[in-house]
Each structure stands twice: as structure tokens, then as C-alpha cells.
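1. here are the coordinates; sequence isn't available:
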């Protein structure tokens, strides 16, 4: 495939590297080259099959609009924009384009989400849950998108409130600790990313899956199909 990676940050650079390793032709566009989506010219759009976005909450919406208008499938790894989801979903469906998004493209984390769905009913049995997420000091959103996803899974599966604590320190890649505490015992479950490579590989595999499809998809829905 001809892949356009939007964003040249740490994860975006890894996505480009992984895509090349998987045999794809890759181009990258830094945020400063693409203010308000203006770098996504007609000429560039004609040369790509799919876009992968790891930019910022402020840059991602113009990128989504431009790709949807051009009928280019786009994979979104950027978080912090989901308040616009209804508008984005309507646009993608109107344009008969394709978008796949995730709070976390780690294959392991997406199976961790499935574990959370299984254990959520414990909160109806005398347990209280809390989430602690730790990330590097450069991360812009707080709490992390993955922590919010875990929180929503647990709350929707139990009807109970779940608190999230956020820590920003050093160059921590990403750790999510979920604690279930009762009068009789404590259950601790942790996902700790060793590097960003897992996120990058998941995003590229998602782009491979998305090509040729239409609609809006969330990564946990399709991870079993990769």
C-alpha cells in the first residue's frame, strides 16, 4: 500500500518505520507542514491509499475532514478529540469513506480491554475499582485515552463510578494499573508497555485491514480479525 503518516513525533516515526518493514511505500507529513490540513493537497491525496494520524487533538479534525472528502481511509491514533465523534461519524458516512480509531493500538492493551469487560460485574459484588495511568511528561491529554476507555468499560458493565489518577513523569511509555478492592481481597491488573513499537505495529495492521472498507470502526471491534 501507499501509506501517508501524519505526524513525525516519536510514535509517528515508528509507524513509518514499521510500515516500511511490512513492505509498504511510506510518506510522512509533519504537523508544521500541514496546518489545518492544507498539506493534504490533491496531488498528494492521489498518491496514497491510506493515512495514519498520530498528530494532536487540534490537528486531527482537519485531517479527518480532508481525507473523508477525498475518500481516503484514515486510521486515527491521536486521542483527545472524541467530543467531535458524532460530527466525524456523520461526515465519514456521508462521504462513504472509512475511519478506524483507537485510544491505544497495542494488541495487548486491546485484549486487556476485553478482560475489563469480563471482570466489570465484580463491582456489583462488593469490589471498588480505581485506575492509575502513568505516561511521559510530553503527553498532552490527561487522563489517557486508554484510561478513559477502561473507565467506560467498567462503569457501563457495573453501573458504578470508577476514579482515574494520572501521573506524568520522565519518559514512561505507558502503564495502566487497575485495582479491584474488597473487604476480603484485592485484585491488581496491569498493562505496562515496554516500547511504542506495539502501538505502531497495531496501527499499521489496522490500516491494512481498513483498506477497501467503508464506515467508522473502533480497533477493539476488529482486533480479532487481524
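-> Happy to help now that I have it. What you see is a predicted model; the values in this text were computed from it and never measured. Numbering: from 1, shown residues only.
2. hey, where'd the strands end up in this protein?
-> According to DSSP state E, the chain carries its strands in the segments 2-6, 25-29, 50-53, 74-76, 98-101, 128-135, 163-168, 175-181, 186-192, 215-218.
3. okay if I get the ones you listed as JSON lines plus distance to residue 86 and mean neighbour count?
-> (Glycine included, C-beta is placed from N, CA and C.) Formatted as JSON lines, these follow (distance: least, Cβ to Cβ, whole Å; neighbours: other Cβ atoms under 10 Å):
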{"stretch": "strand 2-6", "distance to residue 86": "22", "mean neighbour count": "25"}
{"stretch": "strand 25-29", "distance to residue 86": "27", "mean neighbour count": "17"}
{"stretch": "strand 50-53", "distance to residue 86": "19", "mean neighbour count": "26"}
{"stretch": "strand 74-76", "distance to residue 86": "15", "mean neighbour count": "27"}
{"stretch": "strand 98-101", "distance to residue 86": "13", "mean neighbour count": "24"}
{"stretch": "strand 128-135", "distance to residue 86": "26", "mean neighbour count": "20"}
{"stretch": "strand 163-168", "distance to residue 86": "24", "mean neighbour count": "14"}
{"stretch": "strand 175-181", "distance to residue 86": "27", "mean neighbour count": "19"}
{"stretch": "strand 186-192", "distance to residue 86": "29", "mean neighbour count": "13"}
{"stretch": "strand 215-218", "distance to residue 86": "11", "mean neighbour count": "16"}
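4. quick one: closest of these to residue 122.
-> Closest approach to residue 122 among these (Cβ to Cβ): strand 175-181, 5.7 Å.
5. mind putting the strands of the chain into TSV with mean pLDDT?
-> Formatted as TSV, these follow (pLDDT from 0 to 100):
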stretch	mean pLDDT
strand 2-6	97
strand 25-29	95
strand 50-53	98
strand 74-76	98
strand 98-101	98
strand 128-135	97
strand 163-168	97
strand 175-181	98
strand 186-192	98
strand 215-218	96
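6. put together CSV for those, with distance to residue 150 on each row.
-> Below are these laid out as CSV (distance: least, Cβ to Cβ, whole Å):
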stretch, distance to residue 150
strand 2-6, 26
strand 25-29, 31
strand 50-53, 23
strand 74-76, 19
strand 98-101, 16
strand 128-135, 6
strand 163-168, 8
strand 175-181, 6
strand 186-192, 9
strand 215-218, 14
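7. which one of those strands lies closest to residue 107?
-> strand 186-192 (11.0 Å).
8. that closest one vs strand 175-181, what angle?
-> Computed by axes from the mean of the first three to the mean of the last three Cα atoms, to 10 degrees, the angle separating strand 186-192 from strand 175-181 equals 170 degrees.
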